[in-house]
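Asks: Curious how this folds, go ahead:
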Amino acid sequence: MFQMAHVGPMLGQAHHFRRYAPEPIPYAVDRYTRQARRIYDLLNRRLEAGPWLAADYSLADMAVFPWIRPHRRHGQTLDEFPGLRCWYDAVAARPAVQRGLAVLRDRLEHNRAKPAGRAWEILFNQSAANP
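Replies: Below you'll find the model as predicted:
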């Protein structure tokens, strides 16, 4: 529930306003960067108590890991969160995660630039009312 109620929505907003907003909005950047820090701190405290988000490696870890990967885009550094850093490294080292990241890496090699024009409109659903 924490991933769905906090991690996804707040880190998604941080990512959006720091990377994709057409014009910088300082209030939004500051607000969601601070929210990201709060979430990273909560995760860090949980992970300092044990190696996984739940008792064992679980769907909770699988659901949160992709949101932590772009930590720099959230304005965060994992060096400030040792429990989170240890967890991140452990998840990233898992063979299945490595295979998944390899697929993602291949796809990202072809798409490094921000989308523009119609692709931008589709990505942010700007044209839903005017198909």
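Asks: just checking, next helix/strand downstream of the top helix by length along the chain?
Replies: Longest helix of the chain, by residue count under DSSP state H: helix 26-48. Counting by DSSP states H and E, the next helix or strand C-terminal to helix 26-48 is helix 59-68.
Asks: related to what we said a few turns ago, buried ones in the longest helix of the chain, by neighbour count?
Replies: Of the residues in helix 26-48, 29, 32, 33, 35, 36, 37, 39, 40, 43, 44, 46, 47 count as buried by neighbour count, 16 or more other CB atoms under 10 Å. (C-beta placed from N, C-alpha, C; glycine too.)
Asks: now these as CSV including pLDDT?
Replies: Below are the buried residues of helix 26-48 laid out as CSV (pLDDT from 0 to 100):
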residue, pLDDT
29, 97
32, 98
33, 98
35, 98
36, 98
37, 98
39, 98
40, 98
43, 98
44, 98
46, 97
47, 98
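Asks: got a list of what the closest residue in space to residue 25 that isn't next to it in sequence touches?
Replies: Take residue 25 and drop its neighbours on the chain: the residue closest to it by CB to CB, 6 or more residues apart in numbering is residue 17, 6.2 Å away. If a contact means CB atoms under 8 Å, 6 or more residues apart in numbering, then residue 17 has 25, 28, 29, 32 as its contacts.
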